[in-house]
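*Asks:* What would the 3D arrangement of this be:
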Amino acid sequence: MPRSSRVSAVRVEPLGGRGVYVDYELAPFWLVMARYLSPFWLFRDASRGDWLTRAAAYRHNRSMRTYLPSYMGKWAFQAALALCLTFVFDSLAMPERPRFGVYVLFAAGSGIAFACCLCMLFIMAYAYLYLARHDYR
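*Replies:* Numbering: from 1, shown residues only. You can find the predicted model right below:
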């Protein structure tokens with residue numbers, strides 16, 4: 001398929017609120033992964049500016065809360081994968097050896113990744129519930 005006939009640019013609303021077209025085929029990998037895993041680039045800062053600016057940012061954040069469940073699903077899958085890897089590496093570690101093996105370190109790393117995934121899940125769940133239940137007054 002020729003490049004001119006397919007759509008590769010997507011309009012996104014970054015933190016500043018200006019509509020920017022991002023070409024995900026040419027964007028760096030870290031930027032694509034950061035936007036795939038983190039929902040926080042969708043939201044605006046509702047603690048700065050005058051009252052009307054803060055109210056507009058809060059309304060924008062309330063409208064963006066609909067994307068949070070899909071991000072929570074991604075993080076729940078990652079948490080489940082990290083927990084499974086923790087169990088697998090823990091079962092591969094030999095308990096009769098007194099020294100730390102490589103599987104013990106992998107199990108510890110997977111456990112830390114699981115804890116980080118749970119923290120992200122709690123933060124996103126709190127933000128979703130807060131934005132769903134509180135009007136800006």
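*Asks:* got the residue ranges for the strands in the chain?
*Replies:* Secondary structure of the chain, counting by DSSP state E: strands at 9-12, 20-23.
*Asks:* Where among those strands is average confidence lowest?
*Replies:* Averaging pLDDT over each of the strands of the chain singles out strand 9-12 as the lowest, with a mean of 52.
*Asks:* residue nearest the centroid of this structure?
*Replies:* The centroid of the chain falls nearest to residue 38 when counting by C-alpha atoms, centre = their mean (2.6 Å).
*Asks:* Can you name the residues that contact that one?
*Replies:* Shown in contact with residue 38 (C-beta atoms under 8 Å, 6 or more residues apart in numbering): residue 71. Every C-beta, even on glycine, is put in place using the N, C-alpha and C of the backbone.
*Asks:* Let's see the pLDDT reported for residue 107.
*Replies:* Value for residue 107, per-residue pLDDT: 92.
*Asks:* now the closest residue to it other than its chain neighbours: how far from residue 76?
*Replies:* Spatial nearest neighbour of residue 107, excluding adjacent residues (C-beta to C-beta, 6 or more residues apart in numbering): residue 89 at 3.7 Å. Look at residue 89 and residue 76: by C-beta to C-beta, to the nearest Å, they are 20 Å apart.
*Asks:* The two: which is more packed in?
*Replies:* residue 89 (20 against 16; other C-beta atoms under 10 Å).
*Asks:* Tell me the pLDDT of that one.
*Replies:* Each residue has a pLDDT score; the one for residue 89 is 90.
*Asks:* and what of residue 60?
*Replies:* Each residue has a pLDDT score; the one for residue 60 is 93.
*Asks:* my read: the residue nearest to residue 107 touches residue 103, true?
*Replies:* Yes. Checked against C-beta atoms under 8 Å, the pair residue 89 and residue 103 is within contact range at 4.8 Å.
*Asks:* number of nearby residues for the residue nearest to residue 118 when sequence neighbours are not counted?
*Replies:* The spatial neighbour of residue 118 that comes closest, neighbours along the chain excluded (C-beta to C-beta, 6+ apart), is residue 79 at 6.0 Å. Under the neighbour criterion other C-beta under 10 Å, residue 79 is assigned a count of 19.
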